[in-house]
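Q: I need the structure of the sequence given here:
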Amino acid sequence: MLVIRFSKRGKKHQPSYRIVVAERRSKLMTEGVEDLGSYSPFSKKATIDKERANYWIKTGAKASPTVHNLFIREGVITGKKVPTHTQKKVEEKKTA
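A: Got it, this is the predicted structure:
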């Protein structure tokens, strides 16, 4: 199964990410099937090949939650944002 996700690049304490299409089970630092663009978290700038991103989504590739939210922000796809982190609910113990 293919997934669209970030691949970390850059120096220590200066990350930059490439948006790649890769196999779900592959490691994060490996080269993907195709490079769709890049994202810089410091400047919040993203360069995305919208046509190719839409092609891969229509083909069946799933976007990771963070990439999905980035695609919505940049106007590649429409829809609602997805929560990226879920917190576990802590059950309260009742004392009687």
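Q: what sits against the most centrally placed residue in the chain?
A: By C-alpha atoms, centre = their mean, the mean C-alpha position of the chain lies nearest to residue 67, the distance being 2.6 Å. Contacts for residue 67 (C-beta atoms under 8 Å, 6 or more residues apart in numbering) come out as 4, 5, 6, 19. For the C-beta atoms, the positions are set from N, CA and C on the backbone; glycine is no exception.
Q: my guess is it is in a helix, correct?
A: Yes - assigned with DSSP: H, G, I helix; E, B strand; the rest coil, residue 67 falls within a helix.
Q: and which of the contacts of residue 67 is nearest residue 63?
A: Checking the contacts of residue 67 against residue 63 by C-beta to C-beta gives residue 4 as the nearest, at 4.4 Å.
Q: which parts of this protein are helices?
A: Taking DSSP state H as the criterion, the chain contains helices spanning 50-59, 65-74.
Q: from the chain's centroid, how far away is the last one?
A: What that stands for is helix 65-74. 7 Å (C-alpha atoms, centre = their mean, to the nearest Å).
Q: now swap in stretch 43-52 and tell me
A: Mean-position distance between stretch 43-52 and its chain equals 12 Å (C-alpha atoms, centre = their mean).
Q: could you do stretch 36-52 as well?
A: Its chain's C-alpha centre and that of stretch 36-52 lie 11 Å apart, by C-alpha atoms, centre = their mean.
Q: what lies in contact with it?
A: Contact with stretch 36-52 is made by 4, 6, 14-21, 34, 53, 56, 70-71, 73-76, as judged by C-beta under 8 Å, 6+ apart.
Q: give me the buried subset of those.
A: Buried members of these, scored by 16 or more other C-beta atoms under 10 Å, are 4, 6, 16-21, 34, 53, 56, 70-71, 76.
Q: surely residue 3 and residue 23 touch.
A: Yes - at 7.5 Å, residue 3 counts as touching residue 23 under the criterion of C-beta atoms under 8 Å.
Q: looking at the two, which is more packed in?
A: residue 3 (18 against 12; other C-beta atoms under 10 Å).
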